[in-house]
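A.B. asks: Test case, fold it:
(2 chains)
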Amino acid sequence: MTTAVTAVHTSRADTGPLIEGATGKWEVIVGMEVHAQVLSKAKLFSGASAEFGADPNEHVSFVDAAMPGMLPVINKYCVEQAVKTGLGLKAAINHRSIFDRKNYFYPDLPAGYQISQYKHPVVGEGVVIVDLPGGKSISVGIERLHLEQDAGKSLHDQHPDQSFVDLNRAGVALMEIVSRPDLRSSEEAAAYLKKLRAILRYLGTCDGNMEEGSMRADVNVSVRKPGEPLGTRCEIKNVNSMRFVAQAVDYEARRQIDVIEGGGKINQETRLFDSKKGETRSMRSKEEAHDYRYFPDPDLLPLELEDAWVQRIKGSLPELPDDKKDRFMRDYGLSLYDAGVLISERESADFFEAVAKGRDAKLAANWVINELFGRLNKEDKSIGESPVSAEAMGAIVSLISDGTISGKIAKDVFEIAWSEGGDPAAIVEKRGLKQVTDMGAIEAAVDEVIAANPQKVEQAKAKPTLAGWFVGQVMKATGGKANPQAVNDLVKKKLGV
Amino acid sequence: MSDLTSLTIADAREGLRKKSFSARELTEAHIKAVEKARALNCFVTETPEIALKGAEEADKRIAAGSARALEGIPLGIKDLFCTKGVLTTAGSHILDGFQPPYESTVTRNLFDAGVVMLGKLNMDEFAMGSSNETSYHKPVINPWRRKGSNTPLVPGGSSGGSAASVAGRLVLGATGTDTGGSIRQPAAVTGIVGIKPTYGRCSRWGIVAFASSLDQAGPMARTVRDCAILMKTMASHDPMDSTSVDLPVPDYEAAMTGDIKGLKVGIPKEYRIDGMPPEIEELWQKGIQWLKDAGATMVDVSLPHTKYALPAYYIVAPAEASSNLARYDGVRFGLRVPGKDIISMYENTRAAGFGREVQRRVLIGTYVLSAGYYDAYYLKAQKLRTLIARDFEDAYKKCDVLLTPATPGPAFGIAEKTDDPIAMYLNDVFTVTVNLAGLPGISVPAGLNREGLPLGLQLIGKAFDEATLFRVGEVLEKAAGPLPRPTPWWEV
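C.D. replies: So this is what the prediction gives:
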């Protein structure tokens, strides 16, 4: 939900990619408010389950239903998760924060107010480093993170002329993470969301499941001519995938440019993104905006955090994506790109490390990224669902490294391991895929091919690149098992090229 | 056995233990008194069956020698407390038919200690009022009348049903709640004792909220000791209420030593307000003399921000109320007045379900929290609240307890002040400061005025020092002597 106190202040000094308009180039300015559901068994202020997927109104306590006389009690674990997230965003932890009531009437908000944090959030300023394709990195400022309750869900498709309400979500803990308007393109916006999601998943504070609504973004978009002050922004509510974020930003930037260039003015308003049509539509203008009448919730005392407690959480933080990336580059000699791909999910990074352990790390990275991730993507599987285990993947890398099989054969072995399973060494053994390193056998094969093709030999002598044809023939004759380098050397020697 | 209804809780407790009478006899006597007193309109719901069942259980336990602290004591419960399976209306039309599926912590504490519930007591709607006239269930009538007059008088409010039922001997004691004076003011004008404990002493869980930062439950009974007995059981730390305090609950009865020698009693000069009737000033002087006679010393103190208390209260309380009452929307419980869509259903329900005073306060509260007005009203009121609390802290550097009048006057006639909300609000002028500062305050009967109507004195204590209030309160009570019993003109 919009945080009215957010200052419009960007910490970016550079100009982003520009959009061509009729009157010249435009810069798009994007800031995001991401709602991330806290990974917790229970809701923020009631003991009810926060689990997803139950039948409607299965997980509703008297507090969630706002029965008379019911009182909220803060869930300490949710606070710990928020603090952990703040620390992961390298943000200031506010040792005193306050829960406020945000008042408005809506059928899925039983109390008529949402408990949120307004002027005094639990987490203050932080930063997220976002790596972009092409090797550029940007720092995206985090304005604040606060805890608040989720609302319930209205169901409009259950009855011809009534709406039903499911309060399972009502009271579930959300972290609202507000960025500065430091993003300059749809790609940057999507990359920021992806990085934020990775950090939350590394921390274990949000499962990042956008399909189930565990992460939603309100995207603030404005445009300006480079160097000019920030333009009027529109807020696009509840965008629930990286792709939609990118689409929404592109559509909205173009719309705003067209309005301004057509002599119009951008009105500050809330818009919704229609993912079917790929467009944004006006929901309500600033004038129609609610007056939320925020005030401190008298049912809750200010939230006071002991520094020792915060330090304890700090000490328990896992290695985060940026640190892991640096370590992968330093310790394994990986490129920024490869390291970036591997650390995008904690499970992928763990998988890679298991494969690389005691082996050629660069080769391992190649195989994990190109063969395994390529295949997983193609079949829309997650790393956890990979039919080839890290152990099997490691075995393949070892077989390549020690010359047992060539890279080409390794692809076949991977294919077999993927579709049929089994230990790669055993597959190689059983199917006789071992590389032929017996020089006598290779020489015999080379001699045979040369003897059978005298005309080609003459041509090759005139044009040495034709030697490759002989190599191919030899490889074919040996069923691909001959060491390609040895064949190459021999062919050249025998042809005298 | 009609004099069973005139017993104090302490005597009833003794009588039950000695088996001078049974819990059933005690309960039946009270059920009869309740039935005969319907003219007072004290009850929203009478629960004789529940009471008799409770009495039966009490007699069993007494016979088995396993009596609990309040075994068999018949009480009335203010209708603001959610009682499991028993209609709970908060004096409002909007809670029509609402039977909570849960028990408030305070009533749970009482029932777990053996209390017998006679019924749910009438009150100002959502505890907003000082005369019980805002109740959807019609006003409660004060058992007291002016000498030689039949004019019906108000019992004060908002705990008017509680006060009148205790004064009229329909119950041995009652629960009340006090947001700006709702225990102490009705106690004073019906000649009984009522204490608002320190904020956080009693759990608010399961009490229909009016103004959450001010609301506090407390006992109302005919003697200081009876209040001390009830207080001990009502108070508790409740993990379900984040504002309840984890402090041991002292043995208040044991603290009532009768000895106040050397006690320093502060007399705040700001409580001598313009237009205060001479009888109130006289009453205050009498109180000062009684305490002096008992060996206490008087100290002049100043509470300079007192004059801002009432305005600050009428910003903070409505602000919180406007938010607390948003949940009454016709969707999940209580009254629903249909409409063409959800918004009109909300509007129709709230227009029909809330009375004039509640609507007034919801509007005031919404206004003072609105963008552009928040700083000028709500924020300023909160700052005043801090200053008012500091006034008390400064005063308590010089004294142990404060003595003030409880109300600016005696009970007034029904409908006398209903057209003038400000005049009505002035009833709480001596009591609201205590809520704003979160302190404990007790109202003790101090005699009858010339018209034969009871008046009360208020003692204000340090935070969580209810024990001193009971000790000093009992000294005042003894010095004032017992009040006559109001003539039971209402009995049919």
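A.B. asks: Can you list the low-confidence ranges for chain A?
C.D. replies: Residues of chain A meeting the criterion pLDDT under 70: A:1-8, A:437.
A.B. asks: mind listing what's buried in stretch A:253-273?
C.D. replies: A:253-257, A:260, A:266, A:269-273 (16 or more other Cβ atoms under 10 Å in any protein chain shown). For every residue, glycine as well, the C-beta is placed using N, CA and C.
A.B. asks: next one: stretch A:84-104
C.D. replies: Under 16+ other Cβ under 10 Å, the buried positions of stretch A:84-104 are A:84-89, A:91, A:93-94, A:97-103.
A.B. asks: Which of those fall within strands?
C.D. replies: A:97, A:100-103 (DSSP state E).
A.B. asks: Tell me which stretches of the stretch 201-350 of chain B form helices.
C.D. replies: Counting by DSSP state H, counting those that start in this stretch, the stretch 201-350 of chain B has helices at residues B:224-234, B:252-255, B:278-293, B:309-324, B:342-353.
A.B. asks: does stretch A:138-158 come close to chain B?
C.D. replies: No: using Cβ under 8 Å from any Cβ of the partner chain, stretch A:138-158 never reaches chain B; the gap is at least 9.5 Å.
A.B. asks: follow-up on the earlier one: can the helices of the stretch 201-350 of chain B go into TSV with extra columns for mean pLDDT?
C.D. replies: Shown next, in TSV, are the helices of the stretch 201-350 of chain B (pLDDT from 0 to 100):
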stretch	mean pLDDT
helix B:224-234	98
helix B:252-255	97
helix B:278-293	97
helix B:309-324	97
helix B:342-353	96
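A.B. asks: Relative to residue B:153, which of the ones you listed is closest?
C.D. replies: helix B:278-293 (15.8 Å; Cβ to Cβ).
A.B. asks: So which of the ones in strands among the buried residues of stretch A:84-104 reach chain B?
C.D. replies: Among those, chain B is touched by A:101, A:103 when using Cβ under 8 Å from any Cβ.
A.B. asks: now, among the ones in strands among the buried residues of stretch A:84-104, which is nearest to residue B:117?
C.D. replies: residue A:101 (33.2 Å).
A.B. asks: so the closest one sits right up against residue A:300, yeah?
C.D. replies: No: using Cβ atoms under 8 Å, residue A:101 makes no contact with residue A:300, being 9.4 Å away.
A.B. asks: can you count the residues close to the residue in the stretch 301-450 of chain B that chain A sits nearest to?
C.D. replies: For the stretch 301-450 of chain B and chain A, the shortest gap (Cβ to the nearest Cβ) falls at residue B:326, measuring 2.4 Å. When counting by other Cβ atoms under 10 Å in any protein chain shown, one arrives at 22 neighbours for residue B:326.
A.B. asks: so it sits right up against residue A:112, yeah?
C.D. replies: Yes: counting by Cβ under 8 Å, residue B:326 touches residue A:112, with 2.4 Å between them.
A.B. asks: so what's in contact with the two at the same time?
C.D. replies: Jointly contacting residue B:326 and residue A:112 under the rule Cβ atoms under 8 Å, 6 or more residues apart in numbering or on different chains are A:103, A:105.
A.B. asks: Looking at the helices of the stretch 201-350 of chain B, which is nearest to residue A:15?
C.D. replies: helix B:309-324 (45.7 Å).
A.B. asks: For the closest one, buried residues please.
C.D. replies: Quick answer for helix B:309-324 (16+ other Cβ under 10 Å): B:309-310, B:312-324.
A.B. asks: Of those, which are in range of chain A?
C.D. replies: B:319-320, B:322-323.
A.B. asks: what number of residues lie near the residue of the stretch 101-250 of chain A found nearest chain B?
C.D. replies: Chain B sits closest to residue A:112 of the stretch 101-250 of chain A, with a gap of 2.4 Å, by Cβ to the nearest Cβ. Per other Cβ under 10 Å, the neighbour tally for residue A:112 reads 20.
A.B. asks: can you give me phi and psi for it?
C.D. replies: As for residue A:112, its main-chain torsions (degrees, to the nearest 10) stand at phi 80, psi 0.
A.B. asks: Wait, it touches residue A:105, no?
C.D. replies: Yes: counting by Cβ under 8 Å, residue A:105 is a contact partner of residue A:112 at 5.7 Å.
A.B. asks: before we move on, back to that, what's near enough to touch the residue of the stretch 301-450 of chain B closest to chain A?
C.D. replies: A:103, A:105, A:111-113.
A.B. asks: Looking at the residues you listed, spot the one nearest residue B:172.
C.D. replies: In terms of Cβ to Cβ, no member of those lies closer to residue B:172 than residue A:111, at 36.8 Å.
A.B. asks: Torsion angles phi and psi at that closest one?
C.D. replies: Dihedral angles (degrees, to the nearest 10) for residue A:111: phi -80, psi -20.
A.B. asks: quick one: contacts for it?
C.D. replies: Counting by Cβ under 8 Å, 6+ apart, residue A:111 touches A:66, B:326-327.
A.B. asks: list the contacts for residue 102?
C.D. replies: Assuming you mean chain A. Applying Cβ under 8 Å, 6+ apart, the residues near residue A:102 are A:1, A:113-116, A:118, A:148, A:292-294.
A.B. asks: Chain B is the one I meant
C.D. replies: Contacts of residue B:102 by Cβ under 8 Å, 6+ apart are A:62, A:67, B:82, B:84, B:206.
A.B. asks: Serialize those to TSV and add fields for distance to residue B:466, neighbour count and secondary structure.
C.D. replies: Shown next, in TSV, are those (distance: Cβ to Cβ, whole Å; neighbours: other Cβ atoms under 10 Å in any protein chain shown; DSSP: H, G, I helix; E, B strand; the rest coil):
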residue	distance to residue B:466	neighbour count	secondary structure
A:62	30	18	coil
A:67	30	21	coil
B:82	24	29	coil
B:84	28	15	coil
B:206	21	29	coil
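A.B. asks: Around chain B, which positions in the stretch 301-450 of chain A sit nearby?
C.D. replies: residue A:301.
A.B. asks: Roughly how far does the residue in the stretch 301-450 of chain A positioned nearest to chain B sit from residue B:213?
C.D. replies: Per Cβ to the nearest Cβ, residue A:301 is where the stretch 301-450 of chain A lies closest to chain B, at 5.6 Å. Plainly put, residue A:301 is 11 Å away from residue B:213 if you go by Cβ to Cβ, to the nearest Å.
A.B. asks: Name the helix or strand of chain B that has the lowest mean pLDDT.
C.D. replies: Least confident helix or strand, chain B: helix B:421-425 with a mean of 85, by mean pLDDT, DSSP states H and E.
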